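Participant: Provided below for reference: sequence and predicted model.
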Amino acid sequence: MRTIIPAVYLTASGFDGKIYLGVSSNLQQRIWQHKNGHFKGWSFENGCKDLVYYEVHDIMEQAIIREKKLKKWKRAWKVALIAKDNPEWKDLYDGIL
């Protein structure tokens, strides 16, 4: 049985690079898909493969609400959110495996 773990996440193309914001019920799988080019849209075209920030939520509805709020944020606010916990913009993917 698949465990659902709702999460909001930010991927980036590198330190202070392009940022993609998403939501998923399976963060490990979703980031693997980003890293392996399964999405041919904006995130793929801009090289947003590094997981630089994520938040886990209790239910998917909370994660979706948070994603919608973050999508309204200015880039500088998102950069500050990443920098607060991950100032070097390290790829956090290995830590969620």
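Facilitator: Arrived safely. Residues are numbered from 1 along each chain as shown.
Participant: where in the chain is pLDDT low?
Facilitator: 1-2 (pLDDT under 70).
Participant: what segments of it are helices?
Facilitator: 27-35, 42-45, 60-71, 75-85, 93-96 (DSSP state H).
Participant: and these as CSV, adding distance to residue 6 and mean neighbour count?
Facilitator: Every residue, glycine included, has its C-beta placed from N, CA and C. Formatted as CSV, the helices of the chain follow (distance: least, CB to CB, whole Å; neighbours: other CB atoms under 10 Å):
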stretch, distance to residue 6, mean neighbour count
helix 27-35, 9, 17
helix 42-45, 19, 14
helix 60-71, 4, 15
helix 75-85, 18, 13
helix 93-96, 14, 12
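Participant: redo those helices as CSV? Include distance to residue 17.
Facilitator: Below are the helices of the chain laid out as CSV (distance: least, CB to CB, whole Å):
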stretch, distance to residue 17
helix 27-35, 14
helix 42-45, 12
helix 60-71, 17
helix 75-85, 10
helix 93-96, 16
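Participant: which one of the ones you listed lies nearest to residue 54?
Facilitator: helix 27-35 (6.1 Å; CB to CB).
Participant: next one: that closest one to chain centre, how far?
Facilitator: Mean C-alpha position of helix 27-35 versus that of the full chain (CA atoms, centre = their mean, to the nearest Å) differs by 9 Å.
Participant: also stretch 4-22?
Facilitator: Put simply, stretch 4-22 sits 2 Å off its chain's centre (CA atoms, centre = their mean).
Participant: for it, how far is the first residue from the last?
Facilitator: For stretch 4-22, the separation between the terminal residues is 16 Å (CA to CA, to the nearest Å).
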